[in-house]
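Participant: okay, predicted coordinates and the sequence, questions at the end:
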Amino acid sequence: MSSLAAGVTLVQDPGGREAVRLVGKGGSVLIATLGAQVLSWQSPLGEVLWWGSKAEYAPGKPVRGGIPLVFPWFGDHPTDKSQPAHGFARNLVWRVESSGSGPEVTLVATDDAATRAMWPHAFSLRLSVALTDTLRIALTIGNPGAREFTCEEALHTYFALGDVRLATVHGLEGVACTEHAAAPEGPWDQQAPLQFRAETDRIFQGTKDRIELRAPALRRAITLQTTNARSAIVWNPWPAKTARLSGMAADDWTRFCCIESANVRANTIAVAPGQSHTLSLVLSSRAV
Ligand code: BG6
């Protein structure tokens, strides 16, 4: 990469790993090149993202928090549980390809022998991150190969909430949903804004382009505006699952939820040779 635009610097993350920082009127964003993982968005209203209190910044290991990328499969591999959960994109070292005219950067990753051993396709991934008063993230999946492939994808965003038990999610009312939590709440009102009352692991299909997450404990509302994301996953592990997760303290479940902007399961995407698919997410934060 020849030169970086104003507001873009190469830095290190808290673990000393290579990272990119964007600074602009929307605050400051830190992106690890491992997994092209947005780790932090320090906005004028405070940190929007969340990471585990025992987050490890180890070589080759994605941090539990920020925005890990899910590709090319969501959750466990469909047939081989020895493959990494949520695919391998979050474990790849991405290259900083270019920076735009403002605080904006594009990271890229492509297939190699190791990825082809797990998933037999040529691919190109581009993640563009741009900071204005909003944070815009666009993931483009390209197919430079000769055969069509299908894949799943998600921007697996961890949001800081202050207290998950006070938070509500708006915009998923009436959207078809399946619950995957081991110990979910009893029947809930699918026409009402989502509240967190137990372990929550819901896949919504046929989502609209706008979801709002309200976090009264932080006096903040976050809007997720998406393009080409037909699935959303809302997740909080509650205490029992938290105890089994890496990077988290026992009470960390109280402080976050994930809302994933995605295309999974019935909304798996197909990318024809020479074609690409772009999913984008614009996050904005306002005081309430
Ligand atoms: C969510 C899944 O997408 O990711 C949950 O719906 C899972 O079931 C969570 O526990 C975290 O996954 P991981 O692989 O980062 O621990």
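Facilitator: Received, thanks. Numbering: from 1, shown residues only.

Participant: for the ligand, what are the nearby residues on the chain?
Facilitator: Residues of the chain found near the ligand (C-beta under 6 Å from any ligand atom) are 75, 85-86, 156, 201, 233, 235, 245, 260. (C-beta placed from N, C-alpha, C; glycine too.)

Participant: the longest strand along the chain - contacts with which helices or strands?
Facilitator: Using DSSP state E, we find that the single longest strand of the chain is strand 276-287. Judged by 3 or more C-beta pairs under 8 Å, 6 or more residues apart in numbering; DSSP states H and E, the packing partners of strand 276-287 are strand 135-142, strand 153-160, strand 220-227, strand 256-263.

Participant: poorly predicted segments of the stretch 151-288 of the chain, please.
Facilitator: Low-confidence segments of the stretch 151-288 of the chain (pLDDT under 70): none present.

Participant: quick one: residue 106 from residue 116, how far?
Facilitator: When C-beta to C-beta, to the nearest Å is applied, the distance between residue 106 and residue 116 equals 23 Å.

Participant: no wait, residue 191
Facilitator: 46 Å.

Participant: how about residue 241?
Facilitator: Residue 241 is 33 Å from residue 116, where distance means C-beta to C-beta.

Participant: can you show me the strands along the stretch 1-150 of the chain?
Facilitator: Shown for the stretch 1-150 of the chain, the strands assigned by DSSP state E, counting those that start in this stretch span residues 8-12, 18-24, 27-32, 37-43, 46-47, 69-70, 95-99, 104-110, 124-131, 135-142, 149-151.

Participant: what about the helices in the stretch 51-200 of the chain?
Facilitator: 113-118 (DSSP state H, counting those that start in this stretch).

Participant: residue 8 pairs with what?
Facilitator: When bridges are called by DSSP bridges, residue 8 pairs up with residue 22.

Participant: list the contacts for it?
Facilitator: The neighbours of residue 8, taking C-beta atoms under 8 Å, 6 or more residues apart in numbering as the test, are 20-22, 99, 103-105.

Participant: apply 10 Å and report the result again.
Facilitator: Counting by C-beta atoms under 10 Å, 6 or more residues apart in numbering, residue 8 makes contact with 20-24, 29, 31, 96, 98-100, 102-105, 129, 131.

Participant: can you pull the contacts of whichever residue of the chain sits closest to the ligand?
Facilitator: Closest to the ligand within the chain is residue 85: 3.9 Å, counting by C-beta to the nearest ligand atom. With contacts taken as C-beta under 10 Å, 6+ apart, residue 85 has the following neighbours: 70, 73-77.

Participant: wait, residue 224 touches residue 257, no?
Facilitator: No. Contact between residue 224 and residue 257 fails when scored by C-beta atoms under 10 Å: they sit 11.9 Å apart.

Participant: anything in contact with each of these two?
Facilitator: Residues touching both residue 224 and residue 257 by C-beta under 10 Å, 6+ apart: 157, 159, 169, 213.

Participant: and the residues you listed, which two are the farthest apart?
Facilitator: When C-beta to C-beta is used, the two most widely separated members of these are 157 and 169, lying 12.3 Å apart.

Participant: who has more neighbours out of those two?
Facilitator: The residue with more neighbours, out of residue 157 and residue 169, is residue 157; 26 against 23, by other C-beta atoms under 10 Å.

Participant: skipping adjacent residues, who's closest to that one in space?
Facilitator: Closest residue to residue 157 apart from its sequence neighbours, by C-beta to C-beta, 6 or more residues apart in numbering: residue 67 at 4.9 Å.

Participant: quick check: bridge partners of the one you found?
Facilitator: With DSSP bridges as the criterion, residue 67 is bridged to residue 38.

Participant: let the chain start at 711 from now.
Facilitator: OK, 711 is where the count begins now, so the last one is residue 777.
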